[in-house]
Structures are given as C-alpha cells and as structure tokens.
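Participant: show me the folded form of this:
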Amino acid sequence: MSGKPKLPWMAIIAPGILVATTGVGAGDLLTASIAGSKAGLAILWSAVIGSFMKWTLNEGIARWQMATDTTLLEGWITKLGRWIQWVFIAYFLLWTFFVGGALITACGVAAAAIIPLGDPTTSKNIWGVAHSLAGLAVVWLGGFAIFEKVMQVFIAFKFAAVLVTAFLLVQDWGAVAQGLVVPSISFETLPWMLGVLGGVGGTVTLLSYGYWIREKGRSGEEGARICRIDLAVCYIMTAIFGVAMVIIGSRIQLEGSGIRLAGQLAEQLEMVLGPSGRWIFLFGFWGAVFSSLIGVWQSAPYLFADFLSLRKHRGAASSVEEVAALRSIDLKKTGAYRGYLIAIALVPMANLFMTVEKIQLAYAVMGAMFMPMLALTLLVLNNRTRWVGARFRNPWWINATLVATVLLFAYVGYLQLSGKMISTGG
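Facilitator: As a prediction, the model looks like this:
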C-alpha cells in the first residue's frame, strides 16, 4: 500500500507541548488561582474559552506560515510595510526586559520557597540568577533536540502536580461541571473572568511556534492539518491547567497580588491537604516557572535573529519570495541568536532589585497590548486570497473569534492600565 509514512504521535504534538510549557508560567497559574479564590467555580468556563481564543491565534500564525513558507514576522514586514519592523523591535526589546525579569524573579521565589538560602530577598536573588544561567546553559549547549526533551519532562511534571492538587481539593464535581458548561458573568466577577480569559496561554511567545514547526519541516496543507492537531493538544492542556488552578483557588482565600502569593498559596494548601499538598504545589510551581524561562530563553532569540536577518539580506526589497529564500539560514547558529540569548539571561537580572508587583504589572500590560495587534494582523494577512490562497483563507468563524479577541484584549488592557484588574502575566 502506498502513501506517506505516519508520523509518531510525539513528533506531531511536540511543538504544541513547547507552546504549552513556555506559555503557562507563574502569571498564568497565579491569575487563575486568584480568580478562583475571588469568583469561585462559576468562571471555570472562561479558562476553556480563553484557551480556544489562543488556539485561534496560533492556528492563524501556523496557517500563514504553511501557505507562504514565511514566519509571521516576515509576513508583517513584507506585507504590512517596513514601519512595522521598528514598532515591533521597540516593543520586543521592552517585552524581553520585563518578561525576562518576571521569569527570573519567579524562579527565584519558587526555588527559595523549597530551599531557602539566607533571608528571603537574598535567597530569591541567588536562585533567580542561578536559574537564568542554568536556562542559558540548557539552550546554548543542548540544541533543539535536548531542549525539546527537557521541556517534555517539565510539562509532565507540572501537569501532574497541578492536576493531583486540584483533584484532591474537589468537593463537588457537579459544581465543577456546571462551571465548565454554564457561562456565568456578574459585575463583581467580570475582572476575574477577563483575567482568566486573557491570562492563560502566553502572549508574544505564540510567535515562537512558527520557528519550532520550521524545525520540524512542516509546510503546505498537510503541515496545516498537523498543526491544528498539535495546537489542539496544546490548548486542551492549557485549558486543563487553567481549570485546575481555578479549582485550587476556589478552596482557599488569597489576598494581594504578585509572585509572593505562591508562598501563601502553598501554606494554605498545606492547611487543607497537609504537608504533601504544600510540596506537590511548590515543585509543580517551580517546574512551571523554570520551564517557561527555558522556553523564552530558547524562543525569543529566534525573533531577534529573524529580524536582523531580514534587515541584512532583504534591504529595501519586500517580496515574499526573497524572504522565503532566507529559510536556509539556521538562525540558532547566528551571532544574533547567541548574542540575544546571552542578553536575555543577563540584562533582565536588573529587575531583581525592583518590586515584584511593578515588574509583573508592566509585563502583564505589555502582554495584553500585544494580543489585539496580533489578532488584527491575522485578520488582514489571512483574509487576502492573493497572499495565502483560497484554501488557507480565514473561515467566517475564525474571523468572528479574532474580532472578539481584539475587543476582549483591548478591554483587558484598559482594565490593567486603569488598575482595575489583577496582573495576568503572559
């Protein structure tokens, strides 16, 4: 019998696992748990809808790439005008500084809660620096294959820890089912519902998916089909993470904001579940933030290296064909990639001397600002038949979801800027 050989299941879903592991970090877990503490199980459905919105965005990124053989960044520059490259790079440099600082701080706090080294501030700083350098070593020395295997271990680790904790805390499975399938919105719970909708599943890191599927050699309609399956697994896992953290939060009382809530959350879980509950959560939280750090350290330099490659080789040209010729360049081996990897591991350490709340808020607001821009550009790029072809155009329901995403994240950004909502991470 003729036909293409079937891909191993892990080869199909591996890039999606990288997205889920990188995109679900400290901000996502804490946002969902705080929302559960404030609003209860009635907002469980928002974790599912939010994950579907992120699937729509990432599927659009993948479909553009499968249709044109160019990443979305390349598409922005070649189709939307050269001006966008300067807007993007200015935003991206700030985002890198804040996301790097937030992740280094989160890793420091998580590790310090497990193995304290002196006073809390010193312990956080020592562990933060150690994790940043460890992430640098994993990415620099390991290559993509090792990075992929490390991330697969972390996703299993934090997935198991969060799910076990949530399962042990459930008292009423009927209320869980109702919260999942019956949308409930009230004025009091609206900010928390929006926080879960917008805060779970990553922001700028969505762009990294294009580089990971390029590593797998995906293209055309078959590549698009595989990406849809891959991303479905990714965002089902993301939804389960969000649901589990809302369940955990619904059983405890949390006050305040910022990464310091991790210790408070662990202490309250210990009162409910005993010492095992505390340690299961702490190790799961550590796995979530450290894997997210490794994922960002590996993926952010792709974007910078791609930007410089376009500037160097494209010049004033703007054709997709010329940009597609750059696919032969291995971005990971460029000086731009390695230089940016070193920079993201070292420069954001300056954030260790800022308050956790300020760095997390700046990170969250910038993430919320990015999402409507991404949705808008997908509405433009993926609706042009002469750019993507009739078979890759957005169907009506994708367009409707993207419009809803623009409105949602614009409102989330407004609430954050006005100080009316918790930090969502990203």
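Participant: between the two ends of stretch 370-389, how far is it?
Facilitator: End-to-end distance for stretch 370-389, by Cα to Cα, to the nearest Å: 27 Å.
Participant: chain center to that stretch, what's the gap?
Facilitator: Put simply, stretch 370-389 sits 20 Å off its chain's centre (Cα atoms, centre = their mean, to the nearest Å).
Participant: got it, and stretch 234-251?
Facilitator: The answer for stretch 234-251 is 15 Å, by Cα atoms, centre = their mean.
Participant: same check, this time on stretch 217-226
Facilitator: 22 Å.
Participant: residues of that stretch that come out buried?
Facilitator: R218, S219, G223, A224, I226 (16 or more other Cβ atoms under 10 Å). Glycine gets a C-beta too; all of them are placed from N, C-alpha and C.
Participant: can you tell me the closest non-neighbouring residue to the fourth one?
Facilitator: What that stands for is A224. Distances taken as Cβ to Cβ, 6 or more residues apart in numbering place M66 nearest to A224, at 4.2 Å, with adjacent residues excluded.
Participant: can you list contacts of stretch 293-304?
Facilitator: Stretch 293-304 is contacted from outside by 18, 21-23, 25, 73, 92, 96, 99-100, 103-104, 106-107, 131-132, 135-136, 138-139, 147, 150-151, 154, 204-205, 207-208, 211-212, 331-332, 336-338, 340-341, 344-345, using Cβ atoms under 8 Å, 6 or more residues apart in numbering.
Participant: export that stretch to CSV, keeping only CA atoms.
Facilitator: Extracted as CSV, the C-alpha positions of stretch 293-304 are listed here (Å, rounded to 0.1, in the frame of the first residue of the first chain):
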residue,chain,number,x,y,z
LEU,A,293,12.0,30.6,31.5
ILE,A,294,13.8,27.9,29.4
GLY,A,295,11.2,28.3,26.7
VAL,A,296,11.5,32.0,26.5
TRP,A,297,15.3,31.9,26.6
GLN,A,298,15.2,29.5,23.6
SER,A,299,12.5,31.2,21.6
ALA,A,300,13.0,35.0,22.0
PRO,A,301,16.4,35.0,20.3
TYR,A,302,14.7,33.4,17.2
LEU,A,303,12.6,36.6,16.8
PHE,A,304,15.6,38.9,17.2
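Participant: show the average pLDDT along it.
Facilitator: Mean pLDDT, stretch 293-304: 91.
Participant: next, work out how far apart L29 and V289 are.
Facilitator: L29 sits 8 Å away from V289, going by Cβ to Cβ, to the nearest Å.
Participant: please identify which of those two sits among more neighbours.
Facilitator: L29 (31 against 28; other Cβ atoms under 10 Å).
Participant: isn't G135 right up against P348?
Facilitator: No - with contact defined as Cβ atoms under 8 Å, G135 does not count as touching P348 (11.4 Å).
Participant: between these two, which one's more packed in?
Facilitator: Comparing G135 with P348 by other Cβ under 10 Å, the one with more neighbours is G135, at 26 against 22.
Participant: element containing the more buried one?
Facilitator: In this assignment (DSSP states H and E), G135 forms part of helix 120-169.
Participant: distance between that helix and the chain's centre?
Facilitator: 14 Å.
Participant: what's the average pLDDT for that helix?
Facilitator: Mean predicted confidence for helix 120-169 is 85.
Participant: of the buried residues of stretch 217-226, which is the nearest to F409?
Facilitator: Closest approach to F409 among the buried residues of stretch 217-226 (Cβ to Cβ): A224, at 24.7 Å.
Participant: report pLDDT for that closest one.
Facilitator: Taking A224 on its own, its pLDDT is 91.
Participant: what's the one helix or strand it maps to packed up against?
Facilitator: Assessed by DSSP H and E, A224 sits inside helix 220-250. Where contact means 3 or more Cβ pairs under 8 Å, 6 or more residues apart in numbering; DSSP states H and E, helix 220-250 is packed against helix 9-23, helix 26-39, helix 44-68, helix 120-169, helix 173-181, helix 208-215, helix 261-273.
Participant: repeat that for 7 Å
Facilitator: In this structure, helix 220-250 packs against helix 9-23, helix 26-39, helix 44-68, helix 120-169, with contacts taken as 3 or more Cβ pairs under 7 Å, 6 or more residues apart in numbering; DSSP states H and E.
Participant: thanks a lot, see you next time.
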